[in-house]
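> Mind looking at a prediction? Sequence and model below.
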Amino acid sequence: MRALVYTAEIDNRFGSGKVSSRIGLSSPAKLFNQNTSLLAEIDAENASARVHCVLVDESQFLTRQQVHALSEVVDRLDIPVLCYGLRTDFRGELFTGSQYLLAWADKLVELKTICFCGRKASMVLRLDQSGRPYNEGEQVVIGGNERYISVCRKHYKEALAVGSLTAIQDQHRHSSC
């Protein structure tokens with residue numbers, strides 16, 4: 001089966017033009033940015049050789065128009081589209097692509113992450129170079145595990161209030177959550 005894989009041009013942490021997992025698996029990928037006409041590209045690819053599926057990584061970076069175009073790929077071209085991405089940013093705000101995917105997707109599957117306390121991690125802390133959490137600034141700053149930490153809502157609020165994730169983690173070790 002022929003799958004088209006896309007990833008955001010802005011995310012070059014693992015090299016440009018590929019999708020990589022944290023366990024080391026990777027696949028070549030087409031790049032998209034805010035100007036990419038996904039419906040036209042996928043339609044052209046499908047015309048030359050049947051496309052069986054489209055996978056979009058970093059789908060939070062899609063525009064409203066691109067999410068609509070992907071719905072057209074499903075509805076008009078009859079090609080399944082699977083999108084993977086973050087729901088919210090470090091401020092707890094929806095990304096544009098995520099907002100429209102949540103509104104228009106046929107099916108949603110949440111991959112759960114766990115906070116250090118064992119609860120579901122539904123928030124993301126952005127850390128500065130000294131490891132202190134903050135929630136102001138540009139929505140998109142590319143970074144990996146050293147820059148972003150998934151935590152539950154309670155520890156998100158506490159870390160921002162105290163200004164230290166380490167202090168919250170230490171406090172948790174000495175008491176129950």
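Good, I have the coordinates. Note that the coordinates shown come from a computational prediction; the quantities given were computed from them, not determined experimentally.

> The chain: helices as residue ranges?
Taking DSSP state H as the test, the helices found in the chain are 38-48, 64-75, 96-104, 153-162, 165-173.

> what mean pLDDT does the last one have?
This predicted structure assigns helix 165-173 an average pLDDT of 78.

> Buried residues of it, list them for me.
Within helix 165-173, the residues scored as buried using 16 or more other C-beta atoms under 10 Å are Leu165, Ile168, Gln169, His172. The way it works is simple: take the backbone N, C-alpha and C, and place the C-beta from them, glycine included.

> OK, contacts around the closest residue to Glu158 other than its chain neighbours?
Nearest non-adjacent residue to Glu158, counting by C-beta to C-beta, 6 or more residues apart in numbering: Ile168, 5.0 Å away. Counting by C-beta atoms under 8 Å, 6 or more residues apart in numbering, Ile168 touches His155, Glu158, Ala159, Val162.

> Format those residues as JSON lines; extra columns: distance to Gln34 and pLDDT.
Shown next, in JSON lines, are those (distance: C-beta to C-beta, whole Å; pLDDT from 0 to 100):
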{"residue": "His155", "distance to Gln34": "33", "pLDDT": "92"}
{"residue": "Glu158", "distance to Gln34": "35", "pLDDT": "91"}
{"residue": "Ala159", "distance to Gln34": "32", "pLDDT": "90"}
{"residue": "Val162", "distance to Gln34": "37", "pLDDT": "85"}
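
> could I get the helices of the chain as a markdown table with distance to Asp89?
Listed next are these as a markdown table, based on distance: least, C-beta to C-beta, whole Å:
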| stretch | distance to Asp89 |
| --- | --- |
| helix 38-48 | 22 |
| helix 64-75 | 16 |
| helix 96-104 | 9 |
| helix 153-162 | 12 |
| helix 165-173 | 17 |
